[in-house]
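Asker: Quick one, what's the 3D model for this:
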Amino acid sequence: MQKIGMVTIGQSPRNDILSVMSRYLPKDVQVLQAGALDGLDEATIKGMAPNPGEPTLVTAMRDGSEATVTHSKVTPLMEKGIETLYRQGAKLVVLLCAGGFEELKRDDLIIIDPGSLLQGVIKSLVNGSKLGLVLPSADQVSTGPGTSDYWGNTDVAEFWGAYDVAMTHASPYNSSGIKVADSERAAREMRNEEVDYIFLNCMGMDEEMKTVFQRVTQKPVVLASAVVARIVDELIN
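Answerer: The predicted structure is shown next:
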């Protein structure tokens, strides 16, 4: 049986993400999981949070609660998680964050960085149209992947291959009813912005959220975890 690994910037397991991805993966694959925040005490985890103005990444804890971390603080812990999964026999590791971790590379292991992968997919798809970018928190719109600074001072619209980008937020880490209501509010904003495509730019966002955005906007919606799963299937099947 083939083994693949999944590393989250929060705590493992992330069965919420796996429930989406497993629909596209071969049945004979064993998925191993690790988390950057696994085994850390509450004080240490709070110390991973961004200072005012620092780029924000949003993730989930084992109990389902939401946590915020910074790219610089979480990267070394992601490296440890990758090494753990490699020692357990994984030949391919998926990073369960769309925030971009291009520096996490190894010659002895296939590492899928959704941030890099999805940027190429969206840029080719949008091709000068107007993109609706949905992030998991309001902070990310102003201090995270919604800003040009986060992507190396590249203009956000240019980065995604769009003539314009409308941004909003909807958290996947709420109860179903709150999540749906939040998604409906964000979807109405995208409809009012008259976007051509919508990208749910968080690996934690799910098909329930995608369905809401499709229903409200009547526009094509790209779900990050589903795209990544299809690429994994192509590589291992």
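Asker: And the one helix or strand in the chain whose mean pLDDT sits lowest, what's buried?
Answerer: One helix or strand of the chain scores below all others by mean pLDDT, DSSP states H and E: helix 138-143, with a mean of 81. By neighbour count on 16 or more other CB atoms under 10 Å, the buried set for helix 138-143 is 138-141, 143. The C-beta positions use only the backbone N, C-alpha and C, and glycine is treated the same way.
Asker: Break the chain into its domains for me.
Answerer: Taking automatic domain parsing as the criterion, the chain consists of the domains 2-113+226-236, 117-223.
Asker: Just to be sure, Ala67 is in a helix?
Answerer: No: counting by DSSP: H, G, I helix; E, B strand; the rest coil, Ala67 falls outside a helix, being strand.
Asker: what number of residues lie near it?
Answerer: 18 (other CB atoms under 10 Å).
Asker: so where's the protein shaky on pLDDT?
Answerer: When residues are selected by pLDDT under 70, those of the chain lie in 143-154.
Asker: mind running it again at 90?
Answerer: Within the chain, the stretches with pLDDT under 90 are 1, 50-56, 64-66, 99-100, 102, 138-156, 159, 174-177, 237.
Asker: Run through the helices of the chain in chain order.
Answerer: 15-21, 42-46, 71-87, 114-126, 138-143, 156-160, 176-193, 207-217, 224-236 (DSSP state H).
Asker: residue contacts, the nearest residue to Lys73 once chain neighbours are set aside?
Answerer: Using CB to CB, 6 or more residues apart in numbering and skipping the chain neighbours, the partner closest in space to Lys73 is Met48 (4.9 Å). Listed by CB atoms under 8 Å, 6 or more residues apart in numbering, the contact partners of Met48 are 37, 40, 67-70, 73-74.
Asker: Out of these, which end up buried?
Answerer: Using 16+ other CB under 10 Å as the threshold, 37, 67-70, 73-74 are the buried ones among these.
Asker: With distance to Gly128 as new columns, can those be given to me in CSV?
Answerer: CSV is the format used below for these (distance: CB to CB, whole Å):
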residue, distance to Gly128
Leu37, 39
Ala67, 37
Thr68, 33
Val69, 34
Thr70, 33
Lys73, 36
Val74, 34
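Asker: So which of those residues is the closest to Arg14?
Answerer: Leu37 (11.4 Å; CB to CB).
Asker: how many neighbours does the closest residue to that closest one other than its chain neighbours have?
Answerer: Spatial nearest neighbour of Leu37, chain neighbours left out: Gln11 (4.8 Å); criterion: CB to CB, 6+ apart. By other CB under 10 Å, 22 other residues sit near Gln11.
Asker: Gly99 too?
Answerer: Counted with other CB under 10 Å, Gly99 comes out at 25.
Asker: so how far is Glu208 from it?
Answerer: Between Gly99 and Glu208 the computed distance is 22 Å (CB to CB, to the nearest Å).
Asker: Same question for Tyr24.
Answerer: 17 Å.
Asker: Is Leu18 in contact with Leu32, as I believe?
Answerer: No: between Leu18 and Leu32 there is no contact under CB atoms under 8 Å: 10.9 Å.
Asker: Asp139 reaches Glu66, doesn't it?
Answerer: No: under the criterion of CB under 8 Å, Asp139 is not in contact with Glu66, lying 11.2 Å apart.
Asker: what touches both of these two?
Answerer: Common neighbours of Asp139 and Glu66, using CB under 8 Å, 6+ apart, are Val58.
Asker: what about the residue lying closest to Asn174 once chain neighbours are set aside, neighbour count?
Answerer: Once flanking residues are discounted, Asn174 sits nearest to Asp182: 6.4 Å by CB to CB, 6+ apart. Neighbourhood size, Asp182 [other CB under 10 Å]: 18.
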